[in-house]
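> Quick one, fold the following:
(chains A, B, C and D)
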4 protein chains.
Amino acid sequence: MIEEGDRVLLTGEKREYFVRAGEGQLSTDLGVLDLSALVGAAPGDTVATHKDVRFTVLIPRPTDFFTHARRSGAPMLPKDIGMVIAYTGMNRRDEVLDAGTGSGIAAIYFGNIAARVVTCEVRPEFARLAEKNIENAGLANVEVRACDVLEADGSYDVVHLDMGIAAAHVEHACSLVRPGGYFASYTPFLEQTFTVQDAAQHLFREVHTYECMERELVRSGRGTRPSTRVGHSGYITIARK
Amino acid sequence: MIEEGDRVLLTGEKREYFVRAGEGQLSTDLGVLDLSALVGAAPGDTVATHKDVRFTVLIPRPTDFFTHARRSGAPMLPKDIGMVIAYTGMNRRDEVLDAGTGSGIAAIYFGNIAARVVTCEVRPEFARLAEKNIENAGLANVEVRACDVLEADGSYDVVHLDMGIAAAHVEHACSLVRPGGYFASYTPFLEQTFTVQDAAQHLFREVHTYECMERELVRSGRGTRPSTRVGHSGYITIARK
Amino acid sequence: MIEEGDRVLLTGEKREYFVRAGEGQLSTDLGVLDLSALVGAAPGDTVATHKDVRFTVLIPRPTDFFTHARRSGAPMLPKDIGMVIAYTGMNRRDEVLDAGTGSGIAAIYFGNIAARVVTCEVRPEFARLAEKNIENAGLANVEVRACDVLEADGSYDVVHLDMGIAAAHVEHACSLVRPGGYFASYTPFLEQTFTVQDAAQHLFREVHTYECMERELVRSGRGTRPSTRVGHSGYITIARK
Amino acid sequence: MIEEGDRVLLTGEKREYFVRAGEGQLSTDLGVLDLSALVGAAPGDTVATHKDVRFTVLIPRPTDFFTHARRSGAPMLPKDIGMVIAYTGMNRRDEVLDAGTGSGIAAIYFGNIAARVVTCEVRPEFARLAEKNIENAGLANVEVRACDVLEADGSYDVVHLDMGIAAAHVEHACSLVRPGGYFASYTPFLEQTFTVQDAAQHLFREVHTYECMERELVRSGRGTRPSTRVGHSGYITIARK
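The predicted structure follows:
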């Protein structure tokens, strides 16, 4: 049951709106919709605009924040976030330290899985935007800190860095990882990747760097073929303590 | 604090042992270790064999079950499990239906994230093996059912199929997905992938098929280069209701 | 020594012009150049516009026709043409049959290597355009025929098809390949590729289908990384008689 | 018509033999074959062993030397040789300098296309083996020099290096390339590739580095899927003067 203040996804007519249930109106080219009508609705219910066009009410999932969150830069792609989750075995008992929050997309994915996420972002304006996005995602277990990850302390099951990275970051991250826990980093350039690999080599039991080239397989009336788009985003390094 | 009956990972001397704390002994080429000594230990502690070789005590993570679980066939790779998790936005509030349990590897990853997982496996002997693996992983929220997924009912946030697949499976899966939820399938061959794509096209709001080619970037004394191994495993289709 | 009528490439000032030596003028934003001045020049010489901007005189290579030939559609990419050449071992003693001429790019590459190339194009206007491009490339050993490849006869060392393809084309092509010679096809879609594979399987001694995913490695001030562009173009099937 | 001393490929019964027409015998598990019977045969003819098993007589193509030449190390793969040929527009008028001959495979491909090939190999025993392979391939236009490529002089349309490479090699190679001609290098490791890119950047008009990931598409009774084998071999840098 949707409550006042909940974030809601409205879909239909090839449109998608990301709104908050409660006071106020949504104006669309297909009519105006009263947002208080969403309070009490259940996922799958439909609501109508004043022109009687109906939209389906859905509870947003983490994937919707990838699409609808306000961005401060290019976020990590789901494929790369998925690799970090799978290769670290991130789970509901985990405490996770994330750094290079950006718009908070990775932190939102992690916060939907782990018990607790602390995410560090040195640029205060990015930290504030991420905080908004995380609040919109309804995550009370994710804390944004406007600080350098080198200032972070404590101990974590997974430490994930997506930032301009130096050997010192890898070393400090290692000191925060619990025994048996994982370090993960995302680096778009080879030079940074080498820096991470070289620093991690002597600190961790096992270090692997992966690249995941994702292609869509497109099926149309003309036939089926891999998309010619994309491929590379960056390198994921996974190290275990 | 490790309790009697807990699964424990012992590491050191380039060896790794997956044991249960409590009565009994572990015999290694570096001496015999009393497993009752593990009870009360904390992750990161060390324990010694009778030859005084020390191993570090760790709590296993989901990734360890990928390595140490008994297998009934080739399990999905972490990269593919990660894509399913990320593209469905799997999270701690989710109820997940999984089918084609196999040795239970994917169910273990999902069970470490989601609130509840039901996993269907038609071959009773595979179901039994998966049940063992899941019990070893300490997951009380994963239920193995020795049945055809076509017999499953209820409603789920994510339905994931990794099995010989026909249009009927996609249709039935769709009927079990909650509004706004996701269907995901893993298919090693193109023909099956086409079957899934064609069946899903008319049932779901959005359908995408991805292939994730993973390569390791290997850094050695001779230089750095992508591994020449691997690449393809199968196709992941993600459809949203 | 460049002669009257020869095609010439003029390069410099980040510009590139593809011209014919002899009567006439080339107008550029850097001044007008007298094309008769090219007659008698040697590759590497420079010629000046009336504003005294100098361009270097070069003899075009097959690669220049890929860039400068007039196109009737998307031509095969060099990486795919290269695979056909290498996997068939195309050489200066070969007689080659090519079909699906398009703008003639592949025929130009082949004609620069083989003793003789016959290329079939069913659409007469495409055949005429290809003929122009081939004449510009100075190739007297390439013959364009405005016909269906099913009408072709004779025997060839290599038969290459880049066209809407059916089993009958593969069968006819096979009948034209000399013992020990090669069949090659380029198919952008999987369905066509399957058609070729299935037809070729029973006709040839050995059949292999390859996909070549090409990425550029881009080195800039920010670092080195694979380009995020491209990847797939089509499938190359190579069959030996 | 096959003459005394010609290299011949015998195929059939899932076997392949690489022999020389003339005196002598070939012993196989299917009987003994008199090699003098090959003299005067035409490609496609069959010859019989004393057990009356018949093999087909074929003239070897460059691809056969990739399979049958004696090797001194891992040769460049056809996909990479094809990229060098296509991206340099190698053709029958070209003079080509090749260095890092190895077993001579690339030189054999190039020699089957270009007017003349000079190939430099510093290790005398490799140079001798390559010479044998090239002689077997019947190429009178390929000259093997047992020397360092830094000692090479003259001017060439294409200079191709597949060897442990330093900036000095790229600089010297550039001095040997004719105006409008191409430099190409094959480097298995990223560090060497960076060396080539950095050295070439200031010497040539245009520099591109490519990676070609090749996969086979395997069609069997179980279905069609990309092979899980291979992918990476090395980086091809192409620079134009």
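
> near chain B, anything from stretch A:87-95?
Yes - using Cβ under 8 Å from any Cβ of the partner chain, stretch A:87-95 reaches chain B at A:Tyr87, A:Thr88, A:Gly89, A:Met90, A:Asn91, A:Arg92. To be clear about C-beta, it is placed using only N, CA and C from the backbone, and glycine gets the same treatment.

> How about that stretch, which residues are buried there?
Within stretch A:87-95, the residues scored as buried using 16 or more other Cβ atoms under 10 Å in any protein chain shown are A:Tyr87, A:Thr88, A:Gly89, A:Met90, A:Asn91, A:Arg92, A:Asp94, A:Glu95.

> Residues contacting it, please?
Stretch A:87-95 has contacts (Cβ atoms under 8 Å, 6 or more residues apart in numbering or on different chains) with A:84, A:96, A:110, A:113-118, A:154-158, A:160, A:181-182, A:184, A:208, A:210, A:236, A:238, B:61-64, B:78, B:82, B:92, B:109, B:112-113.

> Show me these that map onto helices.
Secondary structure from DSSP state H places A:Val84, A:Phe110, B:Pro62, B:Thr63, B:Asp64, B:Pro78, B:Gly82, B:Tyr109 of the contacts of stretch A:87-95 in helices.

> out of those, what pair is the most spread apart?
Taking Cβ to Cβ, the two most distant members of the ones in helices among the contacts of stretch A:87-95 are A:Phe110 and B:Asp64; they sit 20.0 Å apart.

> More neighbours: which of the two?
A:Phe110 (28 against 21; other Cβ atoms under 10 Å in any protein chain shown).

> Would you check how far apart that one and A:Gly73 are?
Counting by Cβ to Cβ, to the nearest Å, the separation of A:Phe110 from A:Gly73 is 18 Å.

> cool, A:Thr63 as well?
Note on A:Thr63: its distance to A:Gly73, by Cβ to Cβ, is 19 Å.

> if you count what's nearby, which of the two comes out ahead?
Neighbours were counted for A:Thr63 and for A:Gly73 using other Cβ under 10 Å; A:Thr63 has more, 22 against 9.

> got a list of what the more buried one touches?
Residues near A:Thr63 by Cβ under 8 Å, 6+ apart: A:Pro78, B:Ala86, B:Tyr87, B:Thr88, B:Gly89, B:Tyr182.

> Show me the helices in chain A, by range?
For chain A, the helices defined by DSSP H occupy A:62-68, A:78-88, A:105-111, A:124-136, A:167-176, A:190-201.

> Relative to B:Ala173, which of the ones you listed is closest?
Shortest distance between B:Ala173 and the helices of chain A, using Cβ to Cβ, is found for helix A:62-68: 18.1 Å.

> and the closest one, average pLDDT?
For helix A:62-68, mean pLDDT is 89.

> How far off centre is the lowest-mean-pLDDT helix or strand in chain A?
One helix or strand of chain A scores below all others by mean pLDDT, DSSP states H and E: helix A:62-68, with a mean of 89. Its chain's C-alpha centre and that of helix A:62-68 lie 8 Å apart, by Cα atoms, centre = their mean, to the nearest Å.

> what residues are up against the residue lying farthest from the centre of chain A?
Most distant from the centre of chain A: A:Lys51, at 35.9 Å, with distances by Cα atoms, centre = their mean. Contact analysis of A:Lys51 by Cβ under 8 Å, 6+ apart lists A:Leu30, A:Gly31.
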